[in-house]
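Trainee: One predicted model, sequence on top.
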Amino acid sequence: MSAPDEEGAAAAAERPEPEPTPLLTPRDGVPEVSVSRSEIARAADQLAAGTGPFAVDAERASGFRYSNRAYLVQIRRAGAGTVLIDPVSHGGDPVEVLAPVAQVLATDEWILHAADQDLPCLAEIGMRPTALYDTELAGRLANFDRVNLAAMVQRLLGLQLTKGHGAADWSKRPLPDEWLNYAALDVEVLGDLRHAVAEVLAEQGKSDWARQEFEYLRTFEGTPTRRDRWRRTSGIHKVRDPRALAAVRELWTTRDQIARRRDIAPGRILPDSAIVNAATVNPDTLEKLTALPIFGGSRQRRSAHVWLDALARARGAEPPSPQEPPNGPPPASRWARRKPEAAARLEAARAGLAELAQRVSVPQENLLSPDLVRRLCWDGVTAADIAAAVEDFLAAGGARQWQRELTVPVLTDALSRTPPVSPAAG
């Protein structure tokens, strides 16, 4: 595979941004939200009457709800217009009720922006694409400095999207008119944006790269959640005592159970700062607990016994290890002391990949997963055919064909020319 046209990439990068025209309302107006079974069936018929790919988006209630479910689905198709679907208020099984829409969506390509954010919640309601185009990922491959929807729409279409309500509580009912206007505008422009960014990628010789990336994203199955999620509590680095870590674990687990049961974001049940504070102080009476910040509030006072019981359970539990068992190489900052030869390999690999990324005009993190590079350099290669071993390692790690064709020679060179380390240095 030949490298992309560097002149085309440079020309695209220098293309002046047009003066934006405000995009305030959808061209066809804001449609009514389809809620009932009959309304959802009519929305499916409306979409089926159109032609070409589907522009798709979903709104969640992150920060307000425990679940990551979709609370509104927006779909637009040429010849059909836009439909807005409420996937939660119909009173039935979402997969069964939304099946007519899902069946229509399976007939052509989906266009999404930042598809990795919406695909999981859409899959929960039975909607899965058979082909995919991600305009945000396309912007990254085109090496745009800003790839959020508003920035790309302004750059490529000359339109200005108003600041929206993406971080709002979309579980709210009824949804305000201005929120629905914002939601409809998000899919209004995706079709035109897809064509515009596809032209840029074609100029740069990256169309096939994008195709491989979209298919990988469409078929990707996420890895299991790390075992000790409680260790991600904000401020936990301040907790040194194993007994206090046990308290963080128990408070976090109790909060998570409550949040899951009530479908409320955990931070709205009890903030991380309160967990760390209570674990550090370790109060053993209600009076001592409610004397702490946050716990003295009226809402927390009503459930103070829940947190006090969690602290009591922590005192009788086996303390956790200070560090979670490693899953991969240690931080690169420690390599020079622990494994100097791996540090030398990583330095050479990063330098080679940085030069390659600049040459082909792709962000280095999109050229190849940094974690995959670290794992390769930490383990090294013992096979006689270094290039074949690197190829196999990257393929097993999920690197796409275009990535391997570009990076295997660079990584082979880095691993081949890294000087051996004397036994004394190790």
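Mentor: On my side now, so go ahead. In this text the structure is predicted, and so the values were computed from the model without any measurement.

Trainee: tell me the mean pLDDT for stretch 362-378?
Mentor: For stretch 362-378, the mean pLDDT works out to 96.

Trainee: Looking at the record's assignment, how would you partition this structure?
Mentor: 6-219, 229-315, 332-417 (automatic domain parsing).

Trainee: Between its first and last residues, how far does the shortest one reach?
Mentor: Just to be clear, that refers to domain 332-417. Using CA to CA, to the nearest Å, the end-to-end distance of domain 332-417 comes to 20 Å.

Trainee: Contacts only, for Pro87.
Mentor: Counting by CB atoms under 8 Å, 6 or more residues apart in numbering, Pro87 touches Arg69, Ala70, Tyr71, Leu72, Val73, Pro94, Leu98, Ile125. For the C-beta atoms, the positions are set from N, CA and C on the backbone; glycine is no exception.

Trainee: got a pLDDT number for it?
Mentor: On the pLDDT scale, Pro87 gets 97.

Trainee: check contacts around Ser34.
Mentor: Ser34 makes contact with Ile40, Arg42, Ala43, Val83, Leu84, Ile85, Asp86, according to CB under 8 Å, 6+ apart.

Trainee: mind listing which of those residues are in helices?
Mentor: Judged by DSSP state H, the subset of those located in helices is Ile40, Arg42, Ala43.

Trainee: which one of the residues you listed has the most neighbours?
Mentor: Taking other CB atoms under 10 Å as the neighbour criterion, Ala43 ranks highest of the ones in helices among the contacts of Ser34 with 25 neighbours.

Trainee: Spatially nearest residue to Ser62 (excluding sequence neighbours)?
Mentor: Asn68 (6.8 Å; CB to CB, 6 or more residues apart in numbering).

Trainee: And for that neighbour, the neighbour number?
Mentor: Asn68: 13 neighbours (other CB under 10 Å).

Trainee: swap in Trp378?
Mentor: Trp378 sits with 19 neighbouring residues when counted by other CB under 10 Å.

Trainee: That one against Trp335, yeah?
Mentor: Yes. Taking CB atoms under 8 Å as the definition, Trp378 is a contact partner of Trp335 at 7.4 Å.

Trainee: Find the residues that touch each one of those two.
Mentor: Here Trp378 and Trp335 have Pro329, Ala342, Leu346 as joint contacts, going by CB under 8 Å, 6+ apart.

Trainee: Contact partners for the second one?
Mentor: Which is Ala342. Pro329, Trp335, Cys377, Trp378, Gly380.

Trainee: repeat that with 7 Å
Mentor: If you count contacts by CB atoms under 7 Å, 6 or more residues apart in numbering, Ala342 has them with Trp335, Cys377, Trp378, Gly380.

Trainee: just the buried members of these?
Mentor: Trp335, Cys377, Trp378 (16 or more other CB atoms under 10 Å).

Trainee: Give me the nearest residue to the first one, chain neighbours excluded.
Mentor: When you say that, I think you mean Trp335. Nearest non-adjacent residue to Trp335, counting by CB to CB, 6+ apart: Ala343, 3.8 Å away.

Trainee: So the one you found is in contact with Ala336, correct?
Mentor: Yes. Using CB atoms under 7 Å, Ala343 makes contact with Ala336 at a distance of 4.5 Å.

Trainee: out of these two, which sits in the busier spot?
Mentor: Of the pair Ala343 and Ala336, Ala343 is the one with more neighbours under other CB under 10 Å, namely 20 against 14.

Trainee: what about the more buried one, is that helix, strand or coil?
Mentor: Under DSSP: H, G, I helix; E, B strand; the rest coil, the three-state class of Ala343 is helix.

Trainee: Could you check the pLDDT of it?
Mentor: pLDDT, Ala343: 95.

Trainee: quick one: it from Ala414, how far?
Mentor: The gap separating Ala343 from Ala414 is 12 Å, by CB to CB, to the nearest Å.

Trainee: Kindly report the same for Arg65.
Mentor: Taking CB to CB, one finds Arg65 at 46 Å from Ala414.

Trainee: Run through the strands of the chain in chain order.
Mentor: 21-23, 33-34, 51-59, 72-78, 81-85, 110-112, 132-134, 159-161 (DSSP state E).

Trainee: Determine which stretch of those is the most buried.
Mentor: Greatest average neighbour count among the strands of the chain goes to strand 110-112 (a mean of 27), per mean count of other CB atoms under 10 Å.

Trainee: thinking again about what came up before, go through the contacts of Ser34 and name the one nearest Arg261.
Mentor: Checking those against Arg261 with CB to CB, the nearest one is Asp86 at 23.6 Å.

Trainee: Surely the closest one touches Ser36?
Mentor: No. Using CB under 7 Å, Asp86 is not in contact with Ser36; the gap is 9.2 Å.

Trainee: Compare neighbour counts for the two and give me the winner.
Mentor: Asp86 (19 against 14).

Trainee: Show the contacting residues for the more buried one.
Mentor: Val33, Ser34, Val35, Leu72.

Trainee: thinking again about what came up before, pull up the overlap in contacts between Ala343 and Ala336.
Mentor: Overlap of the contact sets of Ala343 and Ala336 (by CB under 7 Å, 6+ apart) is empty.

Trainee: Identify the residues contacting Leu406.
Mentor: By CB under 7 Å, 6+ apart, the contact list for Leu406 reads Leu356, Val360, Leu367.

Trainee: Can you tell me how far the first one is from Ile386?
Mentor: In other words, Leu356. From Leu356 over to Ile386 (counting by CB to CB), the distance is 17 Å.

Trainee: Let's see if you can find the most crowded of the contacts of Leu406.
Mentor: Result: Leu367 is most packed of the contacts of Leu406 (other CB under 10 Å), 22 neighbours.

Trainee: Show the pLDDT at the nearest residue to that residue once chain neighbours are set aside.
Mentor: Closest residue to Leu367 apart from its sequence neighbours, by CB to CB, 6+ apart: Ala357 at 4.9 Å. We note a pLDDT of 98 for Ala357 in this prediction.

Trainee: And Ala357, how far from Ala106?
Mentor: To Ala106, Ala357 is 36 Å away according to CB to CB.

Trainee: Settle it for me: which of these two has more neighbours?
Mentor: More crowded of Ala357 and Ala106, by other CB under 10 Å: Ala357, with 20 against 14.

Trainee: can I assume that one is in contact with Asn366?
Mentor: No. Counting by CB under 7 Å, Asn366 is not a contact partner of Ala357; they are 8.2 Å apart.

Trainee: Now render the strands of the chain as a markdown table, adding distance to Gly352.
Mentor: A markdown table is the format used below for those (distance: least, CB to CB, whole Å):
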| stretch | distance to Gly352 |
| --- | --- |
| strand 21-23 | 43 |
| strand 33-34 | 52 |
| strand 51-59 | 38 |
| strand 72-78 | 43 |
| strand 81-85 | 47 |
| strand 110-112 | 33 |
| strand 132-134 | 28 |
| strand 159-161 | 39 |
